[in-house]
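Novice: I'd like to go over a predicted model; first the sequence, then the structure.
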Amino acid sequence: MVNVQNVTFSYTKKTELLSNLSIKLKAGRIHGLLGKNGEGKSTLLKLISGLDFPQVGSIETLGFNPVKRYPEMLQEIFFLPEELPQLTLSIENYEKVYAPFYPNFSTVQFNEYLKEFDIDNKKSMLNKLSNGQKKKVFVAFGLATNTKLLLMDEPTNGLDIPSKGQFRRMVASTIDDNRCLIISTHQVHDLDSLIDSIIVMEKHEIVFNQPIENITKKLLFRIADRNEKSDNVIYSEDTLRGLYQVSENKTGEESKLDIELLFNAILTEKNKIVKLF
């Protein structure tokens, strides 16, 4: 689906935002692109979709060079930016204008997603909606395009807690073996139980890229007593409930992935984590 090789990108000559970055992403997965603000997550999505061009290196998106912006590629990509466009269109007219660009767009699905988000009036003007309501419309539209590649940049920003749950359910229902979703966020809690592959960016580089099944095979996530000692502990956080720990999983024990704990462990003990994979 996506093949990024040795890409370097900068907006100014003095500062490189991405340096010699490489990553391959397959279909059939929901990839969570995690990192603090300013790490280059949004830029990577723009490069993949052809909105920005690398100074060095190559990118292949759906078998195309995204710089060329071929219609055959664009009709199979939907990019939801963090900053939504300001459009003086009704939801209904937005659909009429933009849906024809996507051959697999489903009005039935669009209506279902809007209904689940409690948006029942398609004559509502987009520029009159709150940021959260507008985000719901664009998320619903993006899912209804049924493109092979769906890129979402901070999609849960502006959503309330119930809407975030609805978002996770809807996204999970759309994935199949022919579709690839990349969701960029710094709010790691919002992707809990949704993503099945984790990518972590730090200092403008990809420092971690693993499917969930590999992570839980190599690492153990648990709550331990403060007096308990273990040589296998890689990272721990002291909480009211005890020590939240990430340990090397030497026994093959099953545990539930804690994305936030993993993210903090990678940022704190990157070399120890990466060495295990």
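Specialist: Nice, I can see it.

Novice: Nearest the geometric middle of this protein, what residue?
Specialist: Centroid check for the chain by CA atoms, centre = their mean gives Ile183 as the closest residue, at 1.3 Å.

Novice: give me every residue that touches that one.
Specialist: Residues in contact with Ile183 (CB atoms under 8 Å, 6 or more residues apart in numbering) are Ile30, His31, Gly32, Leu33, Met152, Pro155, Val171, Leu191, Leu194, Ile195. C-beta here means a position set from N, CA and C on the backbone, and glycine is covered the same way.

Novice: quick one: it from Leu191, how far?
Specialist: The gap separating Ile183 from Leu191 is 6 Å, by CB to CB, to the nearest Å.

Novice: and what of Lys136?
Specialist: Computed as CB to CB, the Lys136 to Leu191 distance reads 18 Å.

Novice: Kindly report the same for Asn214.
Specialist: As judged by CB to CB, Asn214 and Leu191 stand 17 Å apart.

Novice: Which one of these two is surrounded by more residues?
Specialist: Comparing Asn214 with Leu191 by other CB atoms under 10 Å, the one with more neighbours is Leu191, at 25 against 14.

Novice: The more buried one against Ile259, yeah?
Specialist: Yes. At 6.3 Å, Leu191 and Ile259 qualify as touching, with contact defined as CB atoms under 8 Å.

Novice: which residues do those two both contact?
Specialist: Common contacts of Leu191 and Ile259 (CB under 8 Å, 6+ apart): Gly32, Leu34.

Novice: ok, the residue nearest to Glu254 when sequence neighbours are not counted - contacts?
Specialist: Once flanking residues are discounted, Glu254 sits nearest to Thr216: 7.0 Å by CB to CB, 6 or more residues apart in numbering. Counting by CB under 8 Å, 6+ apart, Thr216 touches Asn249, Glu254, Ser255, Lys256, Leu257.

Novice: which one of these has the most neighbours?
Specialist: Asn249 (19 neighbours).

Novice: Contacts only, for that one.
Specialist: With CB under 8 Å, 6+ apart, Asn249 has these contacts: Thr216, Lys217, Lys218, Leu219, Leu220, Ser255.

Novice: Kindly indicate which of those residues lies nearest Gly57.
Specialist: The nearest member of the contacts of Asn249 to Gly57, counting by CB to CB, is Lys218 at 29.3 Å.

Novice: okay, the closest one: pLDDT?
Specialist: Looking at Lys218, its pLDDT stands at 95.

Novice: Please state the backbone phi and psi of it?
Specialist: Note on Lys218: its backbone torsions stand at phi -90, psi -30 [degrees, to the nearest 10].

Novice: Wait, it touches Val274, no?
Specialist: No. Checked against CB under 8 Å, the pair Lys218 and Val274 is beyond contact range at 10.7 Å.

Novice: thinking again about what came up before, max pairwise distance over the contacts of Asn249: which two?
Specialist: Farthest apart among the contacts of Asn249 by CB to CB are Lys218 and Ser255. That separation is 11.1 Å.
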